[in-house]
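> Next come a sequence and a model predicted from it.
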Protein chains: 4
Amino acid sequence: MIRNFYHNERCVMRYVCDLDGEKLAKIKKEYPSVICTQAVQDMIAVDAVDAVVIATPVSTHFKLAQLALAAGKHVLIEKPLATSVAECAVLIQMARERNLVLMVDHTFLYTGAVQKIKALIQEGVLGKIYYFDSERINLGLIQPDVNVLWDLAPHDIAIMQYIFAGMRPVSVWADGSSHVSSTSCDVAHAIIQFDTGVVGHIHVSWLAPLKIRKTLIGGSKKMIVYNDIEPSEKIKIYDKGASIDFGSETAMKPIYRSGDVYIPAFSDEEALKREVNHFLDCITLGEQPLSGGAVGLEVVKILEACDRSLREGKKITL
Amino acid sequence: MIRNFYHNERCVMRYVCDLDGEKLAKIKKEYPSVICTQAVQDMIAVDAVDAVVIATPVSTHFKLAQLALAAGKHVLIEKPLATSVAECAVLIQMARERNLVLMVDHTFLYTGAVQKIKALIQEGVLGKIYYFDSERINLGLIQPDVNVLWDLAPHDIAIMQYIFAGMRPVSVWADGSSHVSSTSCDVAHAIIQFDTGVVGHIHVSWLAPLKIRKTLIGGSKKMIVYNDIEPSEKIKIYDKGASIDFGSETAMKPIYRSGDVYIPAFSDEEALKREVNHFLDCITLGEQPLSGGAVGLEVVKILEACDRSLREGKKITL
Amino acid sequence: MIRNFYHNERCVMRYVCDLDGEKLAKIKKEYPSVICTQAVQDMIAVDAVDAVVIATPVSTHFKLAQLALAAGKHVLIEKPLATSVAECAVLIQMARERNLVLMVDHTFLYTGAVQKIKALIQEGVLGKIYYFDSERINLGLIQPDVNVLWDLAPHDIAIMQYIFAGMRPVSVWADGSSHVSSTSCDVAHAIIQFDTGVVGHIHVSWLAPLKIRKTLIGGSKKMIVYNDIEPSEKIKIYDKGASIDFGSETAMKPIYRSGDVYIPAFSDEEALKREVNHFLDCITLGEQPLSGGAVGLEVVKILEACDRSLREGKKITL
Amino acid sequence: MIRNFYHNERCVMRYVCDLDGEKLAKIKKEYPSVICTQAVQDMIAVDAVDAVVIATPVSTHFKLAQLALAAGKHVLIEKPLATSVAECAVLIQMARERNLVLMVDHTFLYTGAVQKIKALIQEGVLGKIYYFDSERINLGLIQPDVNVLWDLAPHDIAIMQYIFAGMRPVSVWADGSSHVSSTSCDVAHAIIQFDTGVVGHIHVSWLAPLKIRKTLIGGSKKMIVYNDIEPSEKIKIYDKGASIDFGSETAMKPIYRSGDVYIPAFSDEEALKREVNHFLDCITLGEQPLSGGAVGLEVVKILEACDRSLREGKKITL
């Protein structure tokens, strides 16, 4: 974020604020023109500061975003937006009243891969969507203040909301276990059912032996494998499918289709760079953020439902 | 099965019975010495027949196995053993009373890979087991008389019972959806909780664009990736892990360990060949089958619980 | 071969001849209707035998093929056709005079993958062809009577001749080393230059730690990666390329193109089955074999040149 | 290089010199404390400058390095050291006379992977070394002033010299073709024979559809696959091999060994960072550079022999 804002020609990075003095010193060495401070007020109080980027632990998001919005600053904040739907609603309201941009850093929405997938779905290439099945696992990074769902699932929830625009989640079920942490789960599965019949499954883990970021998206006409670890062939579109011939006399007869595979090229511009430019467009041109407060709230709504499902051991209707 | 029994020197394959005349004709051409029939009674009634292999749709298992056991034949039967715990119990009882071998074709238990994994776990190489996470998906083969869990999950359930011998499943949760079939689910997830804290997750699908058979097994000391599609490097043992230093003053501090990876060699003898020999050993030497009736019943018990969970939308306590 | 001819409805397999009595016994058990013999004359002398398949060490090919052709039998023979161009010429002449089919088992020509590649090249999809670069390595199987080039390179040479139909090889260079064998090379590289500027490189080895069968084919418009080990995605067509803008003022300026990747579906019918049917077509319908004597001779011509290059340490002009 | 020297605490980066004004402006923005100039003399003439890093086209290496050494500066220079053995010898002599460090940027020698491989070979883990087979191909980056061998093969030549320390190259053979460039080859193969019987093969290309950086190293006891593209499992050690039982009565009998595979962990410290520190150690502590002038000369000697082989179409004895 610092690097991207620093090098963007359309803005000037004035302040970096961090409680950690050592980190600040390193940043000062790399970006000598930037004022480094441990007091957020030093930055918030300055009129010339138009926008603030908040990249802090989730538990501090609400307070810091409130502070910034109250001071009339546009806000770009790391995901998830806040720790509850109620907090999200307050921030959205504050931004709306002050006519400020409130944008959540759901970075994946700005990747060429996810934008390509959205385009394919919108063009109807996949046909009727069946499922979204995501594995987002690695060794670490265990977070102190949130469970693994709040840490990793926002990526997949935001991607689903973006590519399945118009579909409404109707129920959430989650299961998690705490193998290493004593308090919050470090391995978890969540299933999100949409009103259209699409089923989203998310597997997240801080305790996996290898890094996997793979999503299968199944449709009646085509199926996608989106492997974010692949350096250059991230999206594979399979012309595969199955259907049942119910008209057959004796019994149901499955028919399989297995055609070509297609790996589309797409822009490999850095997602963060795009996101920073989009944030600046929202501020200067009044564009609506792709990942604004409302998107952030929807993500948190599902995370809240996951937590409730974890506690109550049952499916939660939204 | 036919090929393996035919070529096994320790037995003679006398009969093949199939309702499909065309299939019988092909078998007759390939194995001219074998008597082919469409009437099961032709085979069951013959005293010289000591054992029967049942490889038919699940819905017919109970009736055919009853017939064979009643006629004093040893039985090797495809998985799952039957369509309910009650049926399984009847077959087990019949076999016990007649001192007959009742063995279920849980083929994976006879693979070098699964036997290696069991040995590693028994030797304590993995430390405390955390989870078993399996993806068993493909395009097809959609079954007419069972859902995808009954078709594919028996493999993973049997593997877990085998490698986690002594652990007891305490709850089952399942979620599935019918995208192509009108009646039974074609994509599903199941979570099986064991009394030791181990969590087993199984993802099965008939509607995936590619064939995946991959299992992650996480432990406190080592983690395994078991990729059954790999032709030669099926098992990778990762010396990776995470722990929390709770003694740290300020906050919890995760510690990660990332060492060597080890790909053990193991026997690549065909699993079916081993299984056939084991079946013959059970008959002639009185050995206990690795995958006997009791194992088959345990698998069906969990499948029944999955079906109940699908119907009731909640976790089922076993 | 035995399995494929046995199960082909268009012919009857009468005899199997092998010097190894144990092997014969196993074959007899599997194919009871077949007459097994250790004397080739038993088979050659029989009028009812129309065709003979020769799958023996290369050093015996010439003598056995002569015997069969002299007796008026059509011949399908394992690659390479014989141990010298002179021998090949004799066999071709004999077959021509007797109006018999002489076909060499260059199996790869009958695979869906190679046929697809040929079609793509013929349609001009690749543009001007630049190179063919093949890696065909494994641990074993070390042959007693030929070096690794004669064992493995016939596959690649035959594939090149087939897909580059009309191009003429003009020079051959080979380098090999004997690490394990005392006499003949077990790791080797060969480079075959064609009159069109296409350069073929073949890397063969009996001493590799893993099995690789991968070919890159570069063209001005598209490039192909043909990975024969891949179970289902053997051919990838890359819309990639580079060209030089010589018109640029200052200096040469390379221009790169990186578009979509496309994985075509093609028939996965067993190559041997196709080949057997083609052999039968050649006999019964008078078709010209795809891999007839002339193709076999061309392959041996290049292998001979490789041997000369190995001995003389220089490039051989054909 | 700029980033690494800038952030190294043991030195101060004073000047950056580039003929391209735009590049300089960007560097100035990122490193405001650095003096940017288009005149190399500005930098060379300054007494306070102890060392110079030369990262320019190969054709300028000799002149710039002469200038720097003559001015009493230590020199770190990109590979290859110069365009001829004669030039290399002059630079080495100049550095020796002035007691200056002359180091070539053969970065791979400073990677954890290559250092691990060297250690394994030194410990005798591989047994007798058979071959080194490297594929280093990609689309681009086509160089204007050198052919693809001079651009890419220095990596493999330097690695071989480093890990096979003590072995002496005895002959070189190279083959290349110019498909896109009109003058110099863009795809090439080189074979370097060592006095111990080790055969090194290098495949380099600017015209490949995908990026491959893979090296096989075969030995009598173990074999290594070094895949530099793999993010985390770069080195695989195979306990595989073959030998011939010449004592067998009838004929030679190959014996194969196929054991475990082992993927060692090693430091993932950035190679450039290590290299920069090593350069500073050489200057301040008088250490001998791992990739000093003599190493650079040996690399150029083989590149020169490759060019001669390309011209003369035959193997060159060194």
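Here it is on my side, so go on.

> tell me which element residue A:211 is part of?
Per DSSP states H and E, residue A:211 falls inside strand A:207-219.

> quick one: that strand to strand B:207-219, angle?
On the basis of axes from the mean of the first three to the mean of the last three CA atoms, to 10 degrees, strand A:207-219 is oriented at 170 degrees to strand B:207-219.

> for the helix or strand following strand A:207-219, packing partners?
As assigned by DSSP H and E, the chain's next helix or strand after strand A:207-219 is strand A:223-227. Secondary-structure packing of strand A:223-227 (3 or more CB pairs under 8 Å, 6 or more residues apart in numbering or on different chains; DSSP states H and E): helix A:112-122, strand A:207-219, strand A:235-245, strand B:207-219. Just so you know, the C-beta spots here come from the backbone N, C-alpha and C atoms, and that holds for glycine as well.

> Now for residue A:89, how many residues are close by?
Counted with other CB atoms under 10 Å in any protein chain shown, the neighbours of residue A:89 add up to 14.

> Contacts only, for it.
residue A:297 (CB atoms under 8 Å, 6 or more residues apart in numbering or on different chains).

> same thing with residue A:218?
A:129-131, A:133, B:179, B:187, B:207-209.

> likewise residue A:252?
Contact analysis of residue A:252 by CB under 8 Å, 6+ apart lists A:244-246, B:144, B:181.

> looking at those residues, which has the most residues close by?
Within the contacts of residue A:252, most neighbours by other CB under 10 Å means residue B:181, with 22 neighbours.

> looking at it, it is touching residue A:244, isn't it?
Yes: proximity of residue B:181 to residue A:244 meets the contact threshold set by CB atoms under 8 Å, at 6.2 Å.

> which residues do those two both contact?
Jointly contacting residue B:181 and residue A:244 under the rule CB under 8 Å, 6+ apart are A:252, B:142.

> Could you find the closest non-adjacent residue to the most centrally placed residue in chain A?
Centroid check for chain A by CA atoms, centre = their mean gives residue A:155 as the closest residue, at 3.0 Å. Setting aside the residues directly before and after it, residue A:155 is nearest to residue A:108 in space (CB to CB, 6 or more residues apart in numbering or on different chains), at 5.3 Å.

> contacting residues for residue A:179?
A:186-187, A:207, B:130-131, B:197, B:218, B:220.

> of all the residues in chain A, which ones are close to chain C?
With CB under 8 Å from any CB of the partner chain as the criterion, chain A comes near chain C at residues A:233, A:236, A:239, A:258-265.

> What count of nearby residues applies to the residue in the stretch 1-150 of chain A that chain C sits nearest to?
Minimum separation of the stretch 1-150 of chain A from chain C (CB to the nearest CB) falls at residue A:116, amounting to 10.9 Å. Residue A:116 is flanked by 20 other residues according to other CB under 10 Å.

> And for residue A:45?
Applying other CB under 10 Å, we find 10 residues neighbouring residue A:45.

> how much space is there between it and residue A:73?
11 Å (CB to CB, to the nearest Å).

> Residue A:57 too?
20 Å.

> Let's have the helices and strands packed on strand A:223-227 in CSV, adding mean pLDDT and distance to residue A:175.
Output for these, formatted as CSV (pLDDT from 0 to 100; distance: least, CB to CB, whole Å):
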stretch, mean pLDDT, distance to residue A:175
helix A:112-122, 97, 26
strand A:207-219, 97, 15
strand A:235-245, 92, 28
strand B:207-219, 97, 15
